[in-house]
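>>> just coords:
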């Protein structure tokens with residue numbers, strides 16, 4: 001009797017049982033690839049530890065990819081944007097070095113804020129989304145929403161006595177992106193609700209805000225409530241970096257090209 005025949009008799013493997021156990025343990029990479037990797041191990045004379053390393057490495061990478069996908073879906077980006085897609089040549093004024101530095105994401109670790117200031121069509125939403133996308137890749141939780149959508153969501157929740165639960169949705173992510181602040185007027189109720197979000201995230205989680213209004217005109221956004229606006233700016237700007245973009249709308253450029 002050869003050594004090979006002996007191994008077959010003394011070490012029988014029930015593939016069905018093994019597959020069921022790997023499925024139960026949610027080790028899908030191992031379940032789908034162990035046979036092929038075992039064949040490679042025999043051909044290349046891998047040690048048991050090398051084979052185990054290949055299996056666990058594949059399982060780890062698969063879980064990392066799935067985790068990134070979940071974070072991106074949870075972020076609810078309207079479209080996926082990246083830094084590489086951005087046209088740095090279009091805004092007439094933009095501090096590229098400042099923005100590139102933000103992509104190191106230290107501001108999230110520091111629970112600081114970023115405010116993109118500029119006219120329409122200059123790429124504020126693109127850059128904020130790209131920062132959020134990069135954050136998802138690096139393991140941070142992110143949520144993207146327009147300022148008006150946040151207000152409408154909280155207002156609806158308040159009407160049915162679920163405000164605390166709804167607020168928690170905007171507290172959980174490590175990075176909250178508030179898009180298009182100031183594009184539509186906000187009444188007193190909406191201003192109060194948005195203030196609660198910003199106030200509760202103060203020094204607890206980062207916010208990226210995109211707006212077309214300079215800070216001195218923010219009272220116009222918040223129903224000309226100078227007291228509330230002052231308190232809100234105090235929290236937003238205490239740990240914040242302002243990024244200014246100037247120029248003509250990129251969308252107008254595309255329109256003219258057509």
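Noted; the coordinates are in hand. Being a predicted model, the structure only gives us computed values, none of them experimental.
>>> and residue 213, that one's in a strand?
No. Counting by DSSP: H, G, I helix; E, B strand; the rest coil, one finds residue 213 to be coil, located in no strand.
>>> doesn't residue 55 make contact with residue 34?
Yes. Judged on CB atoms under 8 Å, residue 34 makes contact with residue 55 at a distance of 6.3 Å. Just so you know, the C-beta spots here come from the backbone N, C-alpha and C atoms, and that holds for glycine as well.
>>> quick one: neighbours of residue 15, just the number.
Using other CB atoms under 10 Å, the number of residues around residue 15 comes to 9.
>>> could you measure from the nearest residue to residue 88 once chain neighbours are set aside over to residue 57?
Nearest residue to residue 88, sequence neighbours excluded (CB to CB, 6 or more residues apart in numbering): residue 96, at 5.6 Å. To residue 57, residue 96 is 37 Å away according to CB to CB, to the nearest Å.
>>> and the residue nearest to residue 126 when sequence neighbours are not counted, which of the three is it?
Using CB to CB, 6+ apart and skipping residues adjacent in sequence, the residue nearest residue 126 is residue 81, 4.8 Å away. Secondary structure, three-state DSSP: residue 81 is coil.
>>> who's in contact with residue 81?
Going by CB atoms under 8 Å, 6 or more residues apart in numbering, residue 81 touches 125-127, 129-130, 133.
>>> how close does it sit to residue 95?
As judged by CB to CB, residue 81 and residue 95 stand 19 Å apart.
>>> repeat that for residue 247.
To residue 95, residue 247 is 13 Å away according to CB to CB.
>>> contacts only, for residue 172.
Neighbours of residue 172 in contact, by CB under 8 Å, 6+ apart: 141, 143.
>>> helix/strand/coil for residue 210?
With three-state DSSP as the basis, residue 210 sits in strand.
>>> which stretches of the protein form helices?
Taking DSSP state H to define them, one finds helices in the chain at 3-10, 15-24, 28-44, 48-75, 96-102, 106-109, 124-137, 147-159, 163-171, 188-201, 218-221, 226-238, 250-257.
>>> and the third one, what does it pack onto?
It refers to helix 28-44. Where contact means 3 or more CB pairs under 8 Å, 6 or more residues apart in numbering; DSSP states H and E, helix 28-44 is packed against helix 15-24, helix 48-75.
>>> least reliable of these going by mean pLDDT?
With a mean of 89, helix 15-24 has the lowest mean pLDDT of those.
>>> that helix: how far from the chain's middle?
Remark: helix 15-24 is offset 35 Å from the chain centroid, using CA atoms, centre = their mean, to the nearest Å.
>>> repeat that for stretch 215-232.
On the basis of CA atoms, centre = their mean, stretch 215-232 sits 28 Å off its chain's mean C-alpha point.
>>> from one end of that stretch to the other, what's the distance?
Criterion CA to CA, to the nearest Å; first-to-last residue distance in stretch 215-232 is 11 Å.
>>> so who does residue 239 touch?
Residue 239 neighbours (CB under 8 Å, 6+ apart): 110-113, 203.
>>> then residue 226?
Counting by CB under 8 Å, 6+ apart, residue 226 touches residue 219.
>>> that older thread, who has more neighbours, residue 247 and residue 95?
Using other CB under 10 Å as the criterion, residue 247 and residue 95 rank with residue 247 on top: 16 against 12.
>>> give me phi/psi at that one?
Reported as degrees, to the nearest 10, the phi and psi values for residue 247 are phi 140, psi -170.
>>> and what of residue 202?
When read as degrees, to the nearest 10, the backbone of residue 202 gives phi -60, psi 120.
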